[in-house]
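>>> Model the following, please.
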Amino acid sequence: MPTDEPRTNMIHPTAIVHPKAKIGANVSIGAYTIVGEHVEIGDNTWVGPHVVLEGHLRIGRDNRIFQFCSLGGEPQDKKYSGEPTRVEIGDRNTIREYCTINAGTAQDAGVTRIGNDNWIMGYVHIAHDCQVGNNTIFASNAQIAGHCHVGDWAILGGMTGVHQFVKIGAHAMTGGGTILFQDLPPYVMASGNPAKTYGINTEGLRRRGFSNEAIAALRRAYKTIYRSNLTLTEAIEQLAQQQDEWPELKILVDFLREAKRGILR
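Just a heads-up that it's a prediction; the model follows:
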């Protein structure tokens with residue numbers, strides 16, 4: 001790929017890189033790694049040994065991709081029939097050993113997206129058409145099925161399993177071994193099989209700079225949804241009336257209004 005920047009790429013002689021692949025500046029590609037024809041890798045990205053990068057895959061800059069990952073492969077969907085669907089990965093992500101991220105399908109957006117600054121631990125699977133935001137943490141063995149959405153700053157505990165089409169809101173958190181069949185609202189913690197809610201992610205919100213007053217408002221919102229005996233529609237309308245005073249409630253109200261599978265409640 002033509003560039004005006006000096007190139008100091010370190011591509012191991014045993015790596016197989018298709019001549020049409022687009023490789024940025026200062027990229028490192030480890031031993032026995034395979035890079036396909038339609039792959040793009042951004043500047044300063046490190047790819048370890050024995051990695052397979054295939055399909056229509058675009059990787060941003062400053063990522064770290066560890067050994068034995070398989071990114072961009074065909075979706076594990078029986079309806080898939082060879083359409084040129086994609087995977088798009090942003091910047092500054094860490095993707096640890098044995099992770100799999102599959103391409104999208106024609107039945108959805110056609111692209112699986114991973115945002116920026118995510119920490120994805122070993123053996124994580126992110127299936128076709130999933131949309132993952134920024135600053136998330138996927139602990140080891142978290143598995144999310146097709147068409148799932150994961151909001152910014154969400155944390156999935158180890159061995160969390162997420163049913164297809166489920167949405168996980170921003171700042172939400174699951175404990176280890178959690179199984180989600182319904183949407184998990186923003187800020188809320190859940191654990192167990194079947195999953196149950198356990199309040200809001202107070203410690204995470206403090207670490208991210210939420211004020212004590214905002215956290216108190218979110219605690220009251222949790223009680224409105226889960227402890228007030230209101231219907232969900234009534235709870236949403238009550239929270240909507242508080243949005244002007246507490247803007248942190250807006251993403252919660254919007255999420256609840258758009259939930260299609262029903263929320264974990």
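>>> wait, what's in contact with Ser140?
For Ser140, the set of contacting residues under the criterion of C-beta atoms under 8 Å, 6 or more residues apart in numbering consists of Arg96, Met121, Gly122, Tyr123, Val124, Gly158, Met159. C-betas here are computed from N, CA, C, even on glycine.
>>> Quick check: the fifth one touching Val150?
This means Val124. No - the pair Val124 and Val150 does not pass the contact test of C-beta atoms under 8 Å, sitting 11.3 Å apart.
>>> More neighbours: those two, which one.
With other C-beta atoms under 10 Å as the criterion, Val124 and Val150 differ in neighbour count, and Val150 comes out ahead with 28 against 24.
>>> per-residue confidence at that one?
Residue-level confidence at Val150 comes out at 98, pLDDT.
>>> Check Pro6 and give its pLDDT.
50.
>>> Over to Lys79?
At Lys79 the predicted local distance difference test score is 95.
>>> so which helix or strand takes in it?
Lys79 is part of no helix or strand, with elements assigned from DSSP states H and E.
>>> if I look at it, how far off is Asp108?
According to C-beta to C-beta, to the nearest Å, Lys79 stands 11 Å off from Asp108.
>>> next one: Ile59
21 Å.
>>> Give me the more crowded residue out of those two.
In this view Ile59 and Asp108 are compared by other C-beta under 10 Å, and Ile59 has more residues nearby, 26 against 18.
>>> residues contacting the residue lying closest to Gly36 once chain neighbours are set aside?
Distances taken as C-beta to C-beta, 6 or more residues apart in numbering place Glu54 nearest to Gly36, at 4.1 Å, with adjacent residues excluded. Glu54 makes contact with Ile34, Gly36, Val39, Ser70, Leu71, Gly72, Gly73, according to C-beta under 8 Å, 6+ apart.
>>> of all those residues, which two lie farthest apart?
Val39 and Ser70 (12.5 Å; C-beta to C-beta).
>>> if you count what's nearby, which of the two comes out ahead?
Ranked by neighbour count (other C-beta under 10 Å), Val39 and Ser70 place Val39 first, with 23 against 17.
>>> I'd like the distance between that one and Ala106.
Using C-beta to C-beta, one obtains 21 Å as the distance from Val39 to Ala106.
>>> One more: Tyr222?
With the distance defined as C-beta to C-beta, Tyr222 ends up 39 Å from Ala106.
>>> And those two? Which one has more around it.
When Tyr222 is set against Ala106 and neighbours are counted by other C-beta under 10 Å, the residue ahead is Tyr222, at 20 against 16.
>>> so what's the more buried one closest to, chain neighbours aside?
According to C-beta to C-beta, 6+ apart, the nearest residue to Tyr222 is Ile200 (5.2 Å).
>>> what sits opposite the one you found in the beta ladder?
For Ile200, the beta-bridge assignment (DSSP bridges) gives partners Val188.
>>> As TSV, the contacts of Glu54 with pLDDT and secondary structure would be great.
Compiled in TSV, these are given as follows (pLDDT from 0 to 100; DSSP: H, G, I helix; E, B strand; the rest coil):
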residue	pLDDT	secondary structure
Ile34	98	strand
Gly36	98	coil
Val39	98	strand
Ser70	98	strand
Leu71	99	strand
Gly72	98	strand
Gly73	98	strand
